[in-house]
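Participant: Below: sequence and its predicted model.
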There are 4 protein chains.
Amino acid sequence: MARFDTVVKDGLVVIPYVGQIKMDIGIREGRIAALEDRIESTDASELVDASGKVVLPGGVDTHFHLGIYRDMAQDTESETTSSVVGGVTSVVSYARTGQHYLNKSGPYKEIFPEILERCAGHARIDYGFHLAPMLSEHIQEIPWLVNEMGVSSFKYFMFYKGFNLASDSRDAQAYTMSEDYDLGHLFEIMEKVAEVNATVPGRISVSLHCEQAELLRVFIERAKADPRVSGLAEYNAARPPLTERLSIEEAGVLADATKVNLNLLHLSSELALKTAMEVARRYPAMDMVRETTLHHLALACEDLEGKGLGGKVNPPIRDRSDNEALWAGLRHGLITTVASDHACCMEESKGDDLWPALPGFGGTALLYPVLISEGMHKRGIPLSRIVEVAAAAPAQAYNLYPRKGTIAVGSDADLAIVDLDLEQVVTTEVCHSAQDHTPFEGIAVKGWPTDTILRGEPVFRDGEVVDGNRGEYLHRSAQLVGA
Amino acid sequence: MARFDTVVKDGLVVIPYVGQIKMDIGIREGRIAALEDRIESTDASELVDASGKVVLPGGVDTHFHLGIYRDMAQDTESETTSSVVGGVTSVVSYARTGQHYLNKSGPYKEIFPEILERCAGHARIDYGFHLAPMLSEHIQEIPWLVNEMGVSSFKYFMFYKGFNLASDSRDAQAYTMSEDYDLGHLFEIMEKVAEVNATVPGRISVSLHCEQAELLRVFIERAKADPRVSGLAEYNAARPPLTERLSIEEAGVLADATKVNLNLLHLSSELALKTAMEVARRYPAMDMVRETTLHHLALACEDLEGKGLGGKVNPPIRDRSDNEALWAGLRHGLITTVASDHACCMEESKGDDLWPALPGFGGTALLYPVLISEGMHKRGIPLSRIVEVAAAAPAQAYNLYPRKGTIAVGSDADLAIVDLDLEQVVTTEVCHSAQDHTPFEGIAVKGWPTDTILRGEPVFRDGEVVDGNRGEYLHRSAQLVGA
Amino acid sequence: MARFDTVVKDGLVVIPYVGQIKMDIGIREGRIAALEDRIESTDASELVDASGKVVLPGGVDTHFHLGIYRDMAQDTESETTSSVVGGVTSVVSYARTGQHYLNKSGPYKEIFPEILERCAGHARIDYGFHLAPMLSEHIQEIPWLVNEMGVSSFKYFMFYKGFNLASDSRDAQAYTMSEDYDLGHLFEIMEKVAEVNATVPGRISVSLHCEQAELLRVFIERAKADPRVSGLAEYNAARPPLTERLSIEEAGVLADATKVNLNLLHLSSELALKTAMEVARRYPAMDMVRETTLHHLALACEDLEGKGLGGKVNPPIRDRSDNEALWAGLRHGLITTVASDHACCMEESKGDDLWPALPGFGGTALLYPVLISEGMHKRGIPLSRIVEVAAAAPAQAYNLYPRKGTIAVGSDADLAIVDLDLEQVVTTEVCHSAQDHTPFEGIAVKGWPTDTILRGEPVFRDGEVVDGNRGEYLHRSAQLVGA
Amino acid sequence: MARFDTVVKDGLVVIPYVGQIKMDIGIREGRIAALEDRIESTDASELVDASGKVVLPGGVDTHFHLGIYRDMAQDTESETTSSVVGGVTSVVSYARTGQHYLNKSGPYKEIFPEILERCAGHARIDYGFHLAPMLSEHIQEIPWLVNEMGVSSFKYFMFYKGFNLASDSRDAQAYTMSEDYDLGHLFEIMEKVAEVNATVPGRISVSLHCEQAELLRVFIERAKADPRVSGLAEYNAARPPLTERLSIEEAGVLADATKVNLNLLHLSSELALKTAMEVARRYPAMDMVRETTLHHLALACEDLEGKGLGGKVNPPIRDRSDNEALWAGLRHGLITTVASDHACCMEESKGDDLWPALPGFGGTALLYPVLISEGMHKRGIPLSRIVEVAAAAPAQAYNLYPRKGTIAVGSDADLAIVDLDLEQVVTTEVCHSAQDHTPFEGIAVKGWPTDTILRGEPVFRDGEVVDGNRGEYLHRSAQLVGA
């Protein structure tokens, strides 16, 4: 019998915080059993030839919206399929009560098992959930969610105080199905999360969508009234970086007062990142994750002009100068994680009318490709930094490390094998998502996974999606993490 | 004919930013005509003997609520009467639409003339108004208010976003009679004020009541549910300093973004003052006034226990340690102005039930007495600093200086002649207000005005209020300021 | 008998921290006896007609070098003569042991009486001294100097650690006649001054010349070796703002550690001012005076090219952009005092060779003229701000206020009567100094004193110097300050 | 033939930035060839049984003084012998011209080859050098040292400006054999290092001994004169943390001005660490390493009282509260590296007289033992953090990573196999150094290496030093780093 179920041979392996090493990887029972300068082919039941390629830890895409606009089972299947194209082997998706998703409210004791049941058996890759406490009762459920259900991160949406998701309605209560969804509610979430964090190993944290609803109101009114702006530029004008700045400052005060671990999601602008860093320096003991997304790195309003509303998203696509500020932040460690904020949103949900158009779009298929193409090839960012922001750091932030997010003996054998020279123009077909359009359409991207391996078995092979839904729920309690 | 209508003789005159000088003051036609080491009695038609006393510039009490709970004419008369007891010769009162005051809404083009008309002829001392733009339309009226009506300061109440004044109702819209009274509204006020400020001489500014409504919601609920606290201690617990901190940080971001002149009103706690200073240092170009009140300096929750609800006020009376932090701030220049936040509120409006009780109470009669007794006598704060915070600095902040707030040739002859050794226990009678109780009741205070002079004529003489309502409206446009 | 010895009539009087007031000033026995809207001519023994002019408090020029290069008696007479041209009525001069001045060393118990004796009877205006403790023994003399001799400010020269004054020799010990003239010595000065400050009323302080000797060494070597720079541009390159920055940071650490009152002298560059502000914000309790000079405000290297070495001074003349940064700082309160750093240095001491040329030159004749011409006329800085930086604030910093530095009853009747429209081109003749050249030569200046009054009597009248040396030694102990 | 030369079996392997993993390590030709969950014994020519033990990356002790006081060949042999006891497999030693070491001056083109020659063949473990540019000429040699000689870090001693090493003489020039050893010299070093850093891969940096000579002068004089202190307490008093604070602030200004990578060595006190963090926050783009030593973590003045002068070291041993501040800093990432600052200094060089006593002592034998005993066992610091500060981070800082400092395929097989439960009392015998005393004497330490492996072969086996000097010179150019 061969020593290993599978051996990944002859690749240049990129290990977070170490660098690139030429070696072979032996896999047994879904976990990495050996890292070795050379493993004989005869030691392998199955061989994966990585020669001429780099081998990365499978991407850990921790900003995702499974089932937000579509049937959850169906969406889970189609969208985790898209993930494998991008080398992603774990997603941590947001879920919540209120409109969209299950389109109802109620305690998570009832809702969350239903979500888990709907997803079960439909994911191609491993998946976990961040939950958003929308009701006061949900805050009381946090200890149970942490301790029993393996949920270690909790989200608050700063603009749901005043708007629905599309921001075409100010009847936020109808949208959230919650009465007191305000900073007081956030304060109580933070208090509870900090309290639970002190009682368990691992990192229990609060994640924030940072756009301030009250300022949004003013800028939305102004943008609507301004005949000079339309389309995505209008949306950008309607949600300027000042709204991010104010909400980050608000969040900083509350996080300092409660001593909670804080994740600032999808920072979209130079001002947002600058504010986050100021807050970080003001409160040096604060444990702060600073995330940006692929689209805030790679898409600019200027470039999407006249291309419809597919790129509507919260916070909006900004300008090229914001792109560069975020790339610089990524290079120097100010940006700590990158995610896709993937939300499958069909063209019919976008339509031709800016305000009712649903926000969000897919991106998980591009996680490694865009980081490599735009980051490494164009801007010289080393691969070791890319696997840190797209795999190791998100896994650390959300209690998955080192089971996920690195290449170490004992870790899950989640790998992305990437041909750095493979160039493809982004199309919907390439992305393998159910989504029938993409704002990344037409961009030439160099550096794509040819194979993605989940717990030792291929989910994407030679550029083809492999049949089967082997993804399992990630119970993110600290005791399961580590070898 | 004598050279002067009135001469104040033989007093020790305290001039802001200079110090104490033994001299006589010659007054003609209501203004100071001469400062002289010695003016002969024969040069005076009228003599005021200030020997053995100190002569201070008349107090400029810039936080006042004329007519908030009572008929405006009647309240103006009774409460400006109380001012003269405290050596105050100018008040700048807040006014707004919505419940209380005139109890209606509408444009200031209609409302403000009505307010002016109601007050006219009823004030014992000079009076001006800060106005609060409650409606979007009000923001458009700011240029007119500044340029035509002499209003140079505009207020926003940070907790009206979620509560009425007594905070027993969350139907804030019914209270404010305004739909979008939020930080977006504040942003638009600041933008407009900054815009007007750039076009006129003098200081046009935004004043803030800093308590954050959303946090208040949580702490009010908790305090109500907590059987261990009641009365004013419950009220303090329900509105903790963290609510001030958050709203000051929010205000700082918006003031920096709009480059507006900012006045932080009635800072009540050590944390509020610390936060204000941090914001000031973060934005060194910001023009920031930091006000506290007599009651936040001199009253402590511990001391009012069991004494009823008379001391209910927003923000609440805090602890003795907060008192001391504010005194230290006053001494070192962190607190820049002190006011009374006078609001005549009868015992029947307080009642026995904490939540419906109306907030606020009088204090103007104690402006100089408390500052002298608690500040100078007990804590060694020099008189020159006291006249700076109670006269010069408020006059500067609100465009009245040097007509008001100092003792200079050409300035209005507004003077408080104080017997530093006169000791009285505070009672309602001493205060000469219509208010039928006082939370300062029973405190022994040393250092009271014996005479208060408004534009050259006594309004308070030998401890007796002089008949007549000579107060005039203060048109605070810069062109009228200065000699 | 007339009520007043002298009356200054019909001027527009500028009072620090108040503004401009049309009034007359009555003077008796050298002090201001009356400020009055109108004093009858018949009340005056002597009349000074100030109609059409502004009346300023006499300038308080607190950076001066009496007798540095010339006989002290002679220099005192000629250079205080120059002061009266600029409206200056008080100087506080530096003195020290070592080369220049008396050109010897020894305890101040011996040296200082000698200095006082040499000056006595030779000054046209009042004069005091800052002393520099050069020896360890001098530090022990500080209590005596403060308490007995009326010296309240003590200087340390940060570049004497490595260079003589002209900076053509690194044998600093020969120059200072002191062995351990280093930051350790400064620390001990600061400790002692802080200790004494705690025991007396008033402000006892340490003043610093901020250029770091060790960096100077490198940049001087480089400038000397660089054929592209010569003259004053070479000198500027040889002492770049980085040397100011480093020494200000060093001083900040020591001042924070010792809690001493700190005066940063002649800040010459944008970087120096920025650093000083950063230090001030870092240590908010620090009492910090930030001085600049007339020449750092008004002269630029670019403009002096090819005009010889007359402008050699420490720190050097900088660029126009530094001028503007300092003017902006003056406008916004970052610069707190302005002085001349007057040192009469004859052309023969300059010569044609940059390095041996002695540094420094006169400027006291231009104190008000340059501030008015360049500050008020060209940059719109109000006169009230000008009298604050040139009279009130220096008097406060050095324990002379309100006896000097303002116009108040009881203050010394020190006045500068200025014709704002009088325009003169600067020449050596205009300056009335012994100095036979001036780097300000040829600049058209608008706004000159026509009359300067010292303790009630003219020292400069209708543009002519009045005979007689009435200046008295300023014993700057706090008990003599105030009326 | 077996697959591996050596296999380390059944240990719990600690990988920096990952954690603890149960696995076996296969070694071939001195490098790690395989990390595997299980390697068969038959695959190993040589077996190392690590069962019940932890396997750490060999310690990288980057503060060392080979040959400072003794013959360099002899010292290299005896002191790297001591290293293997502590699990250390690489040292980076300081060397310089001037007194001690080779006791002469001259260009490094001559000196450095001589140093290399003297050490060659005498080291038990790998060794590199930081060099100190003492002369201007040395600065010009930096590019050659980086590019040809593999030296990537350059040291400046901030107190050599005023003192010799023992600090019993102020004739620093005699000691350094250099004329202008001052902050100007440091500035020029920084400029040159930053310039070279921009042209090569890897991190070229400046390291600083932070004690300010001028303040030292004052405090040394005071301590000498103070009869209440003697011995090590006197030495601590003579070099208080303020001297560290000032020099760190000076260094920060210069490092910011030159944009150099900065290493702050042997931070000894809470104040030093606090200052370093303030500087780091002030200049967020600065790349700053913050080192402390074993003795500053584990020894306190209070505990060494009456135990002689063996513990004399620069900076001095501080107090227990400083120990705890440094441990807290290590835990939270403020301290980034820990080293021994090993300098073999015989008892006869210490003697009974504080001032002539030579400073320094050995510690390399305790690198892992003290970190494990005091850090992990007593303070709960995880082993993963310990290998970061003692192996990974120093290797990264000095261009040795990932060849040294981690356990990865392709890395040098440098390992410390540690019995966490082995307890020994520290004696000179245990340390295996030539040094005939130790200030750590008598401390019970729990957690010692039983085996240390250098490039695949044991240098310490079952607690016995293995014969042979296999150590090689570490040419720290970036191109040799990585697999």
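Facilitator: Sure, I can see it.
Participant: Report how many residues lie close to the residue of the stretch 301-450 of chain A found nearest chain C.
Facilitator: Residue nearest to chain C within the stretch 301-450 of chain A (Cβ to the nearest Cβ): A:L334, separated by 21.9 Å. No exception for glycine: its C-beta is placed from N, CA and C like everyone else's. Residues contacting A:L334 under the criterion other Cβ atoms under 10 Å in any protein chain shown number 19.
Participant: now it: how far from B:I220?
Facilitator: Separation of A:L334 from B:I220 (Cβ to Cβ, to the nearest Å): 38 Å.
Participant: Spell out which residues of the stretch 51-200 of chain A are next to chain C.
Facilitator: Residues of the stretch 51-200 of chain A lying near chain C by Cβ under 8 Å from any Cβ of the partner chain: none.
Participant: Please, where are all the strands along the stretch 51-200 of chain A?
Facilitator: Using DSSP state E, counting those that start in this stretch, the strands of the stretch 51-200 of chain A run over A:54-57, A:59-64, A:88-96, A:126-132, A:153-157.
Participant: what's the angle between the fourth one and strand A:153-157?
Facilitator: Between strand A:126-132 and strand A:153-157, the angle comes out at 50 degrees (axes from the mean of the first three to the mean of the last three Cα atoms, to 10 degrees).
Participant: pLDDT on strand A:126-132, on average?
Facilitator: Confidence for strand A:126-132, expressed as mean pLDDT, is 98.
Participant: next one: the shortest one
Facilitator: If you average the pLDDT over strand A:54-57, you get 98.
Participant: Quick check: closest non-adjacent residue to the spatially most central residue of chain A.
Facilitator: For chain A, A:H63 is the residue whose C-alpha lies nearest the centre (Cα atoms, centre = their mean; 2.3 Å). Leaving aside its sequence neighbours, A:H63 sits nearest to A:A339 (Cβ to Cβ, 6 or more residues apart in numbering or on different chains; 3.4 Å).
Participant: Does the residue of the stretch 301-450 of chain A closest to chain C fall in a helix, a strand, or a coil region?
Facilitator: Three-state assignment for A:L334 (DSSP: H, G, I helix; E, B strand; the rest coil): coil.
Participant: For it, list the residues it contacts.
Facilitator: Contacts for A:L334 (Cβ atoms under 8 Å, 6 or more residues apart in numbering or on different chains) come out as A:L273, A:A276, A:M277, A:R290, A:A328.
Participant: Buried among those? Need that as a selection in PyMOL.
Facilitator: The following PyMOL command selects only the buried members of the contacts of A:L334, with burial defined by 16 or more other Cβ atoms under 10 Å in any protein chain shown:
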select buried, chain A and resi 273+276+277+290
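Participant: how close does the residue nearest to the centre of chain A get to chain D?
Facilitator: As judged by Cβ to the nearest Cβ, to the nearest Å, A:H63 and chain D stand 23 Å apart.
Participant: go on, A:A132?
Facilitator: Distance, A:A132 to chain D, using Cβ to the nearest Cβ: 30 Å.
Participant: any idea how far A:R239 lies from chain B?
Facilitator: Look at A:R239 and chain B: by Cβ to the nearest Cβ, they are 12 Å apart.
Participant: What residue, apart from its backbone neighbours, is nearest that residue spatially?
Facilitator: Nearest residue to A:R239 in three dimensions, chain neighbours excluded: A:P316, at 5.3 Å (Cβ to Cβ, 6+ apart).
Participant: how many other residues sit next to the residue nearest to A:K307 when sequence neighbours are not counted?
Facilitator: Closest residue in space to A:K307, ignoring its immediate chain neighbours: A:P439 at 7.2 Å, by Cβ to Cβ, 6+ apart. When counting by other Cβ under 10 Å, one arrives at 25 neighbours for A:P439.
Participant: you'd agree A:P439 is up against A:F361?
Facilitator: Yes: with contact defined as Cβ atoms under 8 Å, A:P439 reaches A:F361; the gap is 5.8 Å.
Participant: intersection of neighbour lists for these two?
Facilitator: Residues touching both A:P439 and A:F361 (Cβ under 8 Å, 6+ apart): A:H295, A:G310, A:G311.
Participant: Turn these into CSV, columns for distance to chain D, neighbour count and secondary structure.
Facilitator: Output for the shared contacts of A:P439 and A:F361, formatted as CSV (distance: Cβ to the nearest Cβ, whole Å; neighbours: other Cβ atoms under 10 Å in any protein chain shown; DSSP: H, G, I helix; E, B strand; the rest coil):
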residue, distance to chain D, neighbour count, secondary structure
A:H295, 26, 26, helix
A:G310, 37, 20, coil
A:G311, 32, 27, coil
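Participant: So which of these is the closest to C:E347?
Facilitator: Distance to C:E347 across those (Cβ to Cβ) is lowest for A:H295, with 70.0 Å.
Participant: residue contacts, that closest one?
Facilitator: Counting by Cβ under 8 Å, 6+ apart, A:H295 touches A:G311, A:V313, A:I317, A:D341, A:F361, A:G363, A:P439, A:F440.
Participant: can you pull the pLDDT of it?
Facilitator: 98.
Participant: how close does A:L47 get to A:T6?
Facilitator: Computed with Cβ to Cβ, the distance linking A:L47 and A:T6 is 7 Å.
Participant: Equivalent analysis for A:G86, please.
Facilitator: Distance, A:G86 to A:T6, by Cβ to Cβ: 21 Å.
Participant: For those two, work out which one has more neighbours and name it.
Facilitator: Counted by other Cβ under 10 Å, A:G86 and A:T6 do not tie: A:G86 has more neighbours, with 31 against 23.
Participant: for the more buried one, phi and psi?
Facilitator: Main-chain torsions, A:G86, degrees, to the nearest 10: phi -90, psi 10.
Participant: residues contacting it?
Facilitator: Shown in contact with A:G86 (Cβ under 8 Å, 6+ apart): A:G59, A:D61, A:S340, A:T364, A:A365, A:L366, A:L367, A:Y368, A:P369, A:P449.
Participant: what's the answer for A:E250, then?
Facilitator: Counting by Cβ under 8 Å, 6+ apart, A:E250 makes contact with A:M158, A:L183, A:Q212, B:L246, B:E249, B:E250.
Participant: Of these - the most surrounded one?
Facilitator: Neighbour counts for the contacts of A:E250 peak at A:Q212, which has 31 neighbours (criterion: other Cβ under 10 Å).
Participant: re the thing from before, quick one, which of the strands of the stretch 51-200 of chain A is packed in tightest?
Facilitator: The highest mean neighbour count among the strands of the stretch 51-200 of chain A, using mean count of other Cβ atoms under 10 Å in any protein chain shown, belongs to strand A:59-64: a mean of 31.
Participant: Need the contact partners of that one.
Facilitator: Contacts of strand A:59-64 with the rest of the structure, by Cβ under 8 Å, 6+ apart, involve A:79, A:83, A:86-94, A:127, A:130, A:265-266, A:291, A:293, A:337, A:339-343, A:364, A:367-368, A:390-392, A:394-395, A:397-398, A:400, A:404-405, A:416.
Participant: and the residue nearest to A:R239, how many neighbours?
Facilitator: 24.
Participant: hang on, isn't it packed against A:G231?
Facilitator: No: in this structure A:P316 lies outside contact range of A:G231 using Cβ under 8 Å: 10.7 Å.
Participant: ok, back up a step: could you redo the contacts of A:L334 as JSON lines and give each row pLDDT, distance to chain C and secondary structure?
Facilitator: Listed next are the contacts of A:L334 as JSON lines, based on pLDDT from 0 to 100; distance: Cβ to the nearest Cβ, whole Å; DSSP: H, G, I helix; E, B strand; the rest coil:
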{"residue": "A:L273", "pLDDT": "97", "distance to chain C": "23", "secondary structure": "helix"}
{"residue": "A:A276", "pLDDT": "97", "distance to chain C": "22", "secondary structure": "helix"}
{"residue": "A:M277", "pLDDT": "95", "distance to chain C": "18", "secondary structure": "helix"}
{"residue": "A:R290", "pLDDT": "98", "distance to chain C": "26", "secondary structure": "strand"}
{"residue": "A:A328", "pLDDT": "96", "distance to chain C": "24", "secondary structure": "helix"}
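Participant: Since that was my last question, I'll sign off now.
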